[in-house]
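**Q** Attaching a predicted model along with its sequence, questions to come.
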Amino acid sequence: MKFCPRCATPLIQRLDGGRDRPACPAPGCGFIHFGDFSIGVGGVVIRQNRVLLIRRGHEPGRGWWQLPGGYAEHDEPLVTAVEREILEEAGIRANVVEVLGFRHSVGGQGSIGGPSTNVYVAFRLEPDSSSEPSHDQDEITGAEFFDIDVLNAHERVQNLTKWAVGWALSGARGLQPAPRTQDPTRPPWSLFHV
Ligand SMILES: [Zn+2]
């Protein structure tokens, strides 16, 4: 990153929080590039002891089955993101019930060549009883409810998916999204609690 994404001024290196960071020297701008962060979401949707999976149509992982999910937009609450992705990828309307856990991974290439960091949050959702799986045949080449035994024995199901499904079925309680009734002053927001 060479130019400020807010005002296009060439960035300089400035010490902030103990390390040099690309920063904007323009008066009144204040932009600092703290790094490359992304947030992924995935949903465990169980209906009659079967779990909803999708098959990837593109690399990486083409042909592998996994939980429906994707990246949250920068201005989108996570709960909305996972419900949207499940509908887009698998045609199923579902509502978030709880947070199962999250994975934090550091690595890959950021926009300035440094490390990037990703948080992937796994949710459990209750599906709408009337919707049936459907998919677009390009990005996604399959969407089905799997028997648990079939899923666990399947060679082309991601380990992270197996973990999340096992955790959801174990009955161990995860974190729950706080009801969005109190005003924490800044939209949009999500709080999670036990
Ligand atoms: Zn700037």
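**A** Structure's in. What do you need? All values derive from a computational prediction rather than experimental measurement.

**Q** who in the chain is up against the ion?
**A** 4, 6-7, 9, 24, 26, 29, 31 (Cβ under 5 Å from the ion). Just so you know, the C-beta spots here come from the backbone N, C-alpha and C atoms, and that holds for glycine as well.

**Q** For PyMOL, what selects the buried ones among the residues you listed?
**A** Buried subset of the residues of the chain next to the ion, written as a PyMOL selection, criterion 16 or more other Cβ atoms under 10 Å:
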select buried, resi 4+24+31
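
**Q** show me what contacts the residue sitting furthest away from the middle of the chain?
**A** Centroid-distance maximum for the chain: residue 27 at 35.8 Å, with Cα atoms, centre = their mean. Not one residue lies near residue 27 by Cβ atoms under 8 Å, 6 or more residues apart in numbering.

**Q** What segments of this protein are helices?
**A** For the chain, helices defined by DSSP state H occupy the ranges 78-90, 148-153, 159-170.

**Q** out of the ones you listed, deepest packed?
**A** Highest mean neighbour count among the helices of the chain (mean count of other Cβ atoms under 10 Å): helix 78-90, with a mean of 22.

**Q** Who are the packing partners of that one?
**A** If contacts are counted by 3 or more Cβ pairs under 8 Å, 6 or more residues apart in numbering; DSSP states H and E, helix 78-90 sits against strand 36-47, strand 50-56, strand 69-71, strand 94-107, strand 116-127, strand 140-147.

**Q** Number of residues surrounding residue 52?
**A** By other Cβ atoms under 10 Å, the residues close to residue 52 number 25.

**Q** how much space between it and the ion?
**A** 44 Å (Cβ to the ion, to the nearest Å).

**Q** For the closest residue to that residue other than its chain neighbours, give the beta-bridge partners.
**A** Nearest non-adjacent residue to residue 52, counting by Cβ to Cβ, 6 or more residues apart in numbering: residue 45, 4.0 Å away. The partner list for residue 45 in beta bridges (DSSP bridges) reads residue 125.

**Q** Surely residue 45 and residue 92 touch.
**A** Yes - look at residue 45 against residue 92 with Cβ atoms under 8 Å: they come within range, at 6.1 Å.

**Q** per-residue confidence for the residue nearest to residue 64 when sequence neighbours are not counted?
**A** Excluding its sequence neighbours, the residue lying closest to residue 64 (Cβ to Cβ, 6+ apart) is residue 156, at 4.8 Å. Looking at residue 156, its pLDDT stands at 95.
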